[in-house]
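Asks: please find the sequence and the predicted model below.
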Amino acid sequence: MLIRVIPVGRLDEKIYRAISSELSGIYNIRVRVLPPIELSQSEFNLWRKQYDAEKILEKLSKSEGRHIDRTIPCIGLTEEDIYYNGLNFVFALENPIEGVGIISLHRLREEFYGFAPNFSKLVERALKEILHVLGHLLGLEHCKNPACVMAFSPSVREIDKKELAFCKTCQFKLAAKGISFEE
């Protein structure tokens with residue numbers, strides 16, 4: 001499987017390179033990193049001091065390189081704090097119709113919670129969120145199995161409890177759609 005990763009806004013190359021490298025080792029997912037896109041004031045909510053995830057998804061769906069093959073999932077990575085609708089924040093959001101998703105690293109960082117930076121934990125959390133978004137882009141819904149990467153995660157504690165894998169039920173649902181991931 002091939003996915004596209006787009007850095008959104010300011011993003012340290014070390015981070016998206018590490019995430020891309022790890023993704024390549026999981027289920028044989030090939031990653032193509034596209035040129036970064038910038039965020040503007042039109043996506044920023046000054047009152048909330050956060051970026052509107054829905055507006056970022058719109059921007060991602062229109063980004064250069066997406067017109068070539070819209071069937072290849074495209075996932076943006078950003079350092080910015082994002083929100084959706086009436087929610088205080090989201091770790092990620094996706095638009096399955098457009099085949100795009102956005103992952104925010106902001107609240108996945110240990111520093112956000114007052115702890116020392118932990119690069120490997122950040123990468124692991126980001127990978128879980130990316131697989132979660134990818135699952136939604138491929139038609140999966142939230143899973144009731146708390147260990148499945150498709151389980152709903154309202155906090156980083158729940159993200160940390162999940163495995164970096166689809167459960168057998170979700171794998172079966174993907175296989176029924178002709179999609180298989182080889183570990």
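Replies: Noted; the coordinates are in hand. Residues are numbered from 1 along each chain as shown.

Asks: give me the buried positions along stretch 42-60.
Replies: Within stretch 42-60, the residues that count as buried by 16 or more other Cβ atoms under 10 Å are 43, 50-60. Every residue, glycine included, has its C-beta placed from N, CA and C.

Asks: not counting its own residues, what contacts the longest strand seen in the chain?
Replies: Taking DSSP state E as the criterion, the chain has its longest strand at strand 2-8. Contacting residues not belonging to strand 2-8 are listed as 13, 16, 19-20, 23, 29-37, 39, 56, 59-60, 63, 65-66, 72-78, 80, 102, 134 [Cβ atoms under 8 Å, 6 or more residues apart in numbering].

Asks: after it, which helix or strand is next? Please name it.
Replies: Tracing the chain C-terminally past strand 2-8 and defining elements by DSSP states H and E, one meets helix 13-25 next.

Asks: got the contact list for that following helix?
Replies: Contacts for helix 13-25 (Cβ under 8 Å, 6+ apart): 3, 5, 7, 29-31, 33, 77, 105, 119, 122-123, 126-127, 130.

Asks: angle of that helix against strand 2-8?
Replies: Here helix 13-25 runs at 170 degrees with respect to strand 2-8, directions being taken by axes from the mean of the first three to the mean of the last three Cα atoms, to 10 degrees.

Asks: which residues belonging to the very next helix or strand once past helix 13-25 are considered buried?
Replies: Going down the chain from helix 13-25, the next helix or strand is strand 30-33, by DSSP H and E. Across strand 30-33, burial judged by 16+ other Cβ under 10 Å covers residue 31.

Asks: so how far is strand 30-33 from its chain's centroid?
Replies: The chain centre lies 14 Å from the centre of strand 30-33; the measure is Cα atoms, centre = their mean, to the nearest Å.

Asks: try stretch 141-158
Replies: Distance of stretch 141-158 from its chain centroid, counting by Cα atoms, centre = their mean, is 14 Å.
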